[in-house]
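# Compute the structure for the input listed below.
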Amino acid sequence: MKQKQYKKSFKEKRDAVKALSKKRSFRVGLLVFTISMLVLDVFQTSVVSATGDEISALQQESRELGYQHERIVYDIAQHRSMLAVQERLTGMDFVAAGEREYILLSGNAVASR
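A predicted model of the protein is given here:
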């Protein structure tokens, strides 16, 4: 015949937990779990540290590229300045423009080729 099932009382549950905690296999399992959690924590910490190093290196590279960009903009501005253009023109053996002379035409004269 079927036995009547009853709910365990709080005292019986507490005694069952105490008995489980006294077993060697439970303690070894708890130790293995704790060690594995520690290893995973160390691994995660090293990954975060490595990521921080990469971010720091990228920030440094970004600053250096910013300095290079500013230098290039400065060089472009120097080459576009009127003084730099005039210096390059004198190196090409061009003749400087003199005073302008205007010719007065009489009547309805038109210039033609």
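# tell me the SS of E54?
Secondary structure of E54, reduced to three states by DSSP: H, G, I helix; E, B strand; the rest coil: helix.
# Next, work out how far apart it and L65 are.
Counting by Cβ to Cβ, to the nearest Å, the separation of E54 from L65 is 16 Å. C-beta: built from backbone N, CA, C; applies to glycine.
# what do you get for K11?
Separation of K11 from L65 (Cβ to Cβ): 71 Å.
# before we move on, what about A16?
As judged by Cβ to Cβ, A16 and L65 stand 66 Å apart.
# E87 now?
30 Å.
# do the same with L20
Summarising the geometry, the distance separating L20 from L65, computed by Cβ to Cβ, is 62 Å.
# ok, now Q44?
Distance check for Q44 against L65: by Cβ to Cβ, it reads 31 Å.
# Do me a favour and average the pLDDT over the helix or strand containing S46.
Take DSSP states H and E as the rule and S46 turns out to sit in helix 24-80. Helix 24-80 shows a mean pLDDT of 91 in the predicted model.
# need the next SSE after it, C-terminal direction.
Downstream of helix 24-80, the next assigned helix or strand under DSSP H and E is helix 82-90.
# by how many degrees do the helix holding S46 and helix 82-90 diverge?
With axes from the mean of the first three to the mean of the last three Cα atoms, to 10 degrees applied, the angle from helix 24-80 to helix 82-90 works out at 60 degrees.
# And helix 24-80, what does it pack against?
Using 3 or more Cβ pairs under 8 Å, 6 or more residues apart in numbering; DSSP states H and E as the contact criterion, helix 24-80 has no neighbours among helices and strands.
# Since that was my last question, I'll sign off now.
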